[in-house]
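Novice: any chance you could fold what I've pasted below:
(chains A and B)
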Protein chains: 2
Amino acid sequence: MSDTEFDIIRRYFTRQDSRRRDVIAGIGDDAALLQVPAGMELVVCMDTLVEGVHFPIGTPAAAIGHKALAVNLSDLAAMGAEPAWATLSLTIPESDPDWLADFSQAFFKLADRYQVQLVGGDTTRGPLAVTVQAHGFVPESLALRRQGAQAGDHIYVTGTLGDAGLALQLAGDAGNELQHQLDYPEPRIAAGQALRGIASAAIDVSDGLFGDLRKLLSASGVGGEIDIDVVPLSAQLREAFAAEDQQRFALSGGDDYELCFTSAEELQNEVAGVRITAIGKVTEGNDLLCRDANGIVDFEDSGYLHFQ
Amino acid sequence: MSDTEFDIIRRYFTRQDSRRRDVIAGIGDDAALLQVPAGMELVVCMDTLVEGVHFPIGTPAAAIGHKALAVNLSDLAAMGAEPAWATLSLTIPESDPDWLADFSQAFFKLADRYQVQLVGGDTTRGPLAVTVQAHGFVPESLALRRQGAQAGDHIYVTGTLGDAGLALQLAGDAGNELQHQLDYPEPRIAAGQALRGIASAAIDVSDGLFGDLRKLLSASGVGGEIDIDVVPLSAQLREAFAAEDQQRFALSGGDDYELCFTSAEELQNEVAGVRITAIGKVTEGNDLLCRDANGIVDFEDSGYLHFQ
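Specialist: Alright, predicted model coming up:
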């Protein structure tokens, strides 16, 4: 005997222990009733993960539950927002209690880490797909935007790049330590908030540094130059590949969920406990050039374009 | 040559002509930046429609575009909210320009009617599914909730019930005038807002009157009695079926998107231009009884349970 939709929702997704005071009504009515604090702007993003497109068939339910929320929190981080609420639309082919328990536990574990309350959503039968909408707050006029970078600003990234791309390449290999990085990305929430008033523009690196930085520069109406020799790489990535392939993973690997941002200030090596690296400068014009010790590198963007 | 995801978004979903003043940043950044007016609570709901589950294969793109937004606006209506913003996650097997044009035109036609701005979302490749989240406002403490009904209150419904269920039954028949009702439900936005301060509780009738009213009564901790002879039916439904089948469609047909609400007041026949009908009373206890001229009817609930 399988569960009814209502039982599923009740059993796995309705919890009373994460009640925020700004949630007047969460799950259980026609809609959630919420209160945005005075002086705050509401920040809203939505991302969908589809089996076979955004994660391989056979990905553990816990990884899907974590990642569906994490990719959205990463967007909030890129805006400098403080996370608050999430809604979840879960489409599953069948009601499998083990799968649902793993999925919901991982979802709530990450949600709890950032005081995010699940306030609504939908559970339907169909091909496996997860849509999450995340909501956060940012003090008026302090949001980090893609626009705002100015010629002369430094370009920074958090963490290291390319590891998730490498993990995808190594998927299934024994001892693939990077698989965890791919399955359980950590949104840069604290760094994003710490960059309010410091970053002139920001974006999260989800589709590859080269393509995402180009979006930031384009939104700001400027160009840029990056030194690909200083793009931060993990030791694993350095060991696994020749220099050229390292760069390809780091510049267009996707799924990194680091932040790329610009700032007029020369910053220290860390923001909110997260390593940052200066990788180049914002320029006039509208080109994004890559340099190494030998000069301009003709880097062909192969960022992740879902419909190509 | 197929479109890239970014071209799809730009071509079909980015419009500049519906800019609301409370949208600081819509589509085009990592997240939308929004401003909830002072004194207002935020009302948020999310619904997913999956091909083959919520609409038959072959349903026109325009009907899907309309309905995906309409079912969410219906939830806002049930809260007495004024619609404001929507986000859209569209998963499609391929990028078909005609389909996208029809879908987006119908979506925006309905959005424009209620001054709703699309502020973000996601477009992915996969089995056809649409998730919409709608956002609205309601003045502090004036939201209509499922809880609040008290013994002695009258029970009302808007419009007529069962037509969508009948349309599903007749699907494909020539001259099926009710198909439009099924494909293009009209959310009861004006009625919902007019019921602030008048209705003691409200719910939208999406899964069938009997089951949805029971949810309202259960949330309120009360019971109810309805007179099934006075449940409002369309002329088409009366003509198509014998009395017993009429009642089955009207009480458990689903997809009606009318409002069911309770009120201590005896109301006139209309709210905000929409016909309303008194169908029974709220009672002590926790049962929902159905009566006709001959007494209690043993109505077996067959409301729509997605996972049964």
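
Novice: phi, psi of A:S89?
Specialist: Torsion angles at A:S89 (phi, psi; degrees, to the nearest 10) stand at phi -110, psi 120.

Novice: swap in A:A101?
Specialist: phi -60, psi -50.

Novice: what do you get for A:T158?
Specialist: Dihedral angles for A:T158 - degrees, to the nearest 10 - are phi -90, psi 160.

Novice: how many neighbours does it have?
Specialist: 26 (other CB atoms under 10 Å in any protein chain shown). In short, each C-beta sits where N, CA and C put it, glycine included.

Novice: relative to A:Q179, how far out is it?
Specialist: Distance, A:T158 to A:Q179, by CB to CB, to the nearest Å: 21 Å.

Novice: can you check A:L128 too?
Specialist: Counting by CB to CB - A:L128 and A:Q179 are separated by 20 Å.

Novice: and A:D204, by the same measure?
Specialist: Using CB to CB, we find A:D204 at a distance of 21 Å from A:Q179.

Novice: ok, these two, which is more surrounded?
Specialist: A:D204 (28 against 19).

Novice: tell me the contacts of the residue lying closest to the more buried one once chain neighbours are set aside?
Specialist: Leaving aside its sequence neighbours, A:D204 sits nearest to A:A78 (CB to CB, 6 or more residues apart in numbering or on different chains; 3.9 Å). Counting by CB atoms under 8 Å, 6 or more residues apart in numbering or on different chains, A:A78 makes contact with A:144, A:192, A:202-204, A:259, B:30-31.

Novice: A:A191 is in contact with A:S74, isn't it?
Specialist: No. Judged on CB atoms under 8 Å, A:A191 makes no contact with A:S74 at a distance of 10.8 Å.

Novice: where does the stretch 51-200 of chain A have low pLDDT?
Specialist: Across the stretch 51-200 of chain A, the ranges flagged by pLDDT under 70 are A:171-177.

Novice: show me which residues of it are close to chain B?
Specialist: A:51-54, A:75-76, A:78-79, A:81, A:85, A:87-89, A:91, A:95, A:119-127, A:129, A:131, A:133-136, A:138, A:143, A:145-147 (CB under 8 Å from any CB of the partner chain).

Novice: rerun that using 7 Å as the cut-off
Specialist: A:53, A:75-76, A:78-79, A:87, A:89, A:91, A:95, A:119-122, A:124-127, A:129, A:131, A:133, A:143, A:145-146 (CB under 7 Å from any CB of the partner chain).

Novice: let's see which of the residues you listed end up in strands.
Specialist: Among those, the subset assigned to strands under DSSP state E consists of A:87, A:89, A:91, A:119-122, A:124-125, A:129, A:131, A:133.

Novice: could you dump these to CSV with distance to A:A62 and neighbour count?
Specialist: Formatted as CSV, these follow (distance: CB to CB, whole Å; neighbours: other CB atoms under 10 Å in any protein chain shown):
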residue, distance to A:A62, neighbour count
A:T87, 20, 25
A:S89, 19, 27
A:T91, 18, 25
A:V119, 22, 27
A:G120, 22, 26
A:G121, 18, 24
A:D122, 21, 24
A:T124, 21, 20
A:R125, 21, 17
A:A129, 17, 28
A:T131, 18, 31
A:Q133, 21, 29
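
Novice: just to revisit the earlier point, the contacts of A:A78 in helices, which ones?
Specialist: A:G192 (DSSP state H).

Novice: can you pick out the most distant pair from the contacts of A:A78?
Specialist: A:L259 and B:A31 (13.2 Å; CB to CB).

Novice: for chain B, what's its nearest residue on the stretch 101-250 of chain A.
Specialist: Closest contact between the stretch 101-250 of chain A and chain B, by CB to the nearest CB, is at A:G126 (3.7 Å).

Novice: give me the phi and psi for the residue nearest to that residue when sequence neighbours are not counted.
Specialist: Leaving aside its sequence neighbours, A:G126 sits nearest to B:V50 (CB to CB, 6+ apart; 3.7 Å). Main-chain dihedrals, B:V50, degrees, to the nearest 10: phi -110, psi 130.

Novice: and A:S234, by the same measure?
Specialist: phi -70, psi 160.

Novice: burial check on it, number of neighbours?
Specialist: A:S234: 20 neighbours (other CB under 10 Å).

Novice: was I right to think it contacts A:A164?
Specialist: No. Counting by CB atoms under 7 Å, A:S234 stays clear of A:A164, with 10.4 Å between them.

Novice: what ranges do the helices span in chain A?
Specialist: A:5-8, A:61-78, A:97-113, A:163-170, A:179-183, A:189-194, A:209-220, A:235-240, A:243-252.

Novice: what's the most distant pair in the ones in strands among the residues of the stretch 51-200 of chain A next to chain B?
Specialist: A:V119 and A:R125 (22.6 Å).

Novice: I'm done for today, thanks for sticking with me.
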